[in-house]
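Novice: this is a predicted model, with the sequence first.
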Amino acid sequence: MTGLKLFIGNRNYSSWSLRGWLALKASGLAFDEEVIPLDMPTTREAILRVSPSGLVPAIRHGEVTVWDSLAIIEYLAETCPDAGFWPANARTRPLARAISMEMHAGFRALRAQMPMNVRGRFPGVRPDVDARADIDRITEIWRDCIHRRGDSAGDFLFGAFCAADMMYAPVVSRFVTYDVQLDATSAAYRDAVWDNGMMREWREAAEDEPWVIDRFEFG
């Protein structure tokens, strides 16, 4: 595959961009990337030139444009069928898709109250009852998947790192940023994702970004 380019927002703040970027990295394909700084007067115009929704991430591959993180994952899963985006087990695969869709569509209170800020550490921000319910549901999902997985299959939700882990990776970042207290099983999963090599690469790049969006800073 040639001519593949990914457009993302600031690594520090753009949770959806993280998902799309992880998908490209996991695919093993070579790609170029362009960061479009968010929350600036030129942001919307710049994004609309590459994404008809006015949102990132988006990829261009020749004449094909794909926007939305989950659509990018599915496009790459079809393009790279050996990359292991979804579990090989036919009984497990629907569960991985279902929890990914649930992440895609839900958890709005958590998103609003605890925006992703990779560099930030804000332990004093506490979730209200709705955000707490989101956290409880997410950790319930994690524990259920890990229980089904068993102890010997790997460190991630379905063993090997897959699309479901990509979808929950920004939540892991939020839990670190806001020092969300977790049960032992969920904390071990959080640490496995946070210490993954791709996540470390993203975090290091976020640390080097010059942009600051004040409304996402609580310090």
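Specialist: Ah, there it is.
Novice: ok, and what's touching the top helix by length along the chain?
Specialist: Criterion DSSP state H: the longest helix present in the chain is helix 129-149. Residues from elsewhere that reach helix 129-149 (C-beta atoms under 8 Å, 6 or more residues apart in numbering): 92, 95, 99, 102, 106-110, 112-114, 127, 157-159, 164, 168, 171, 175, 180, 182-183, 185-186, 189. Glycine gets a C-beta too; all of them are placed from N, C-alpha and C.
Novice: go with 6 Å
Specialist: For helix 129-149, contacts defined as C-beta atoms under 6 Å, 6 or more residues apart in numbering pick out 99, 107, 109, 110, 113, 157, 158, 159, 171, 185, 186, 189.
Novice: and the fourth one, that's in a strand?
Specialist: This means residue 110. No: residue state for residue 110 (DSSP: H, G, I helix; E, B strand; the rest coil) corresponds to helix; a strand is not indicated.
Novice: now it, nearest residue through space, not along the chain?
Specialist: residue 134 (3.9 Å; C-beta to C-beta, 6 or more residues apart in numbering).
Novice: the most centrally placed residue in the chain sits in which helix or strand?
Specialist: Geometric centre of the chain, nearest residue: residue 19, 3.4 Å, by C-alpha atoms, centre = their mean. Assigned by DSSP states H and E, residue 19 falls within helix 15-27.
Novice: follow-up on the earlier one: which parts of the longest helix of the chain are buried?
Specialist: Neighbour-count burial for helix 129-149, counted by 16 or more other C-beta atoms under 10 Å, picks out 131, 134, 135, 138, 139, 141, 142, 145, 146, 149.
Novice: so how far is it off the chain centroid?
Specialist: Mean C-alpha position of helix 129-149 versus that of the full chain (C-alpha atoms, centre = their mean, to the nearest Å) differs by 16 Å.
Novice: what helices or strands is the helix or strand just after it leaning on?
Specialist: Scanning forward in sequence from helix 129-149 by DSSP H and E, the next helix or strand is helix 163-177. Helix 163-177 is packed against helix 15-27, helix 93-105, helix 184-194, with contacts defined by 3 or more C-beta pairs under 6 Å, 6 or more residues apart in numbering; DSSP states H and E.
Novice: where does pLDDT dip in the chain?
Specialist: 1-2, 152, 219 (pLDDT under 70).
Novice: next up, phi/psi of residue 32, please.
Specialist: phi -100, psi 160 (degrees, to the nearest 10).
Novice: which residue, other than its chain neighbours, is closest to it?
Specialist: Nearest to residue 32 is residue 5, by C-beta to C-beta, 6+ apart, at 4.6 Å.
Novice: count the neighbours of that neighbour for me.
Specialist: Neighbour count of residue 5, defined by other C-beta atoms under 10 Å: 15.
Novice: which one of the contacts of helix 129-149 sits closest to residue 217?
Specialist: Nearest to residue 217 among those, counting by C-beta to C-beta, is residue 113 at 14.3 Å.
Novice: quick one: contacts for the closest one?
Specialist: 127, 131.
Novice: distance check, the nearest residue to residue 99 once chain neighbours are set aside against residue 214.
Specialist: Nearest residue to residue 99, sequence neighbours excluded (C-beta to C-beta, 6+ apart): residue 141, at 5.2 Å. Going from residue 141 to residue 214 by C-beta to C-beta, to the nearest Å gives 32 Å.
Novice: understood, closing this out.
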